[in-house]
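**Student:** sequence and predicted model, in that order:
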Amino acid sequence: MTTLGELPPADWTAVYERTGRVEFPLRRLAFGVRTMPLFLFLVPVVVLSATMFGDAVVFAKVLSGFGIVGFLVGFGGVSWQVVTRKPALVVDAEGVRLGRRSIPWADFAMARLPAGPRGFRYVALKPVDGPLKEIRVSHATIQDLDAFTHWLNALRDNRRTAEGDAHADHG
């Protein structure tokens, strides 16, 4: 099933103009490719730690138990994300939101060009007030990060032009 994040920018624009909102759900395969190698590495570690500490001291057993619980919580969280396809990236009249993090249009400075190593590239969405509040969008959400960067910056510019024209008409 194709998600909006796998379609070209013209489709994003069409949806935005028609509904005033574009929602990019998590791309299951891209997300799985990024996260599953870690879990495939951790499975033998968890199994070995559970079996090796049978005769160990209490501290080692407790530590092993925390490791197993941490693995299960992490695996459950990733599984939940794959099933629900969340967090979704939402671009609407309010601004840009990814999960609980959001940047209102008035505070949105720019979408930077993609950065990061291959397979872990991301686009940093920069707010006006500093890097600590930036939102990072990865291939797990958008297939063509370069096109997304240009599309989002163009949308920002169009909104500012439209707002400037609206203020000029009332002034």
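**Tutor:** Great, that's in hand. Bear in mind that the values here come from a model prediction, so they are computed numbers and not experimental data.
**Student:** tell me the SS of the most centrally placed residue in the chain?
**Tutor:** Centroid-nearest residue in the chain, with Cα atoms, centre = their mean: V137, separated by 4.5 Å. With DSSP: H, G, I helix; E, B strand; the rest coil as the basis, V137 sits in strand.
**Student:** now swap in F148 and tell me
**Tutor:** Quick answer, by three-state DSSP: F148 is helix.
**Student:** correct me if wrong: G5 contacts L145.
**Tutor:** No - using Cβ atoms under 8 Å, G5 is not in contact with L145, being 9.9 Å away. C-betas here are computed from N, CA, C, even on glycine.
**Student:** neighbour count winner among those two?
**Tutor:** G5 (24 against 21; other Cβ atoms under 10 Å).
**Student:** which residues does E134 contact?
**Tutor:** Contact partners of E134, counting by Cβ atoms under 8 Å, 6 or more residues apart in numbering, are A124, L125, K126, P127.
**Student:** what does the helix or strand of the chain with the lowest mean pLDDT rub up against?
**Tutor:** The weakest-scoring helix or strand in the chain, judged by mean pLDDT, DSSP states H and E, is helix 28-52 (a mean of 72). Helix 28-52 is contacted by residues 64, 67-68, 71, 74-75, 78, 81-82, 85, 119-120, 138-141, 143 when judged by Cβ under 8 Å, 6+ apart.
**Student:** so where is this protein shaky, pLDDT-wise?
**Tutor:** For the chain, the stretches with pLDDT under 70 are 1, 31, 49-50, 52-56, 131-132, 165-171.
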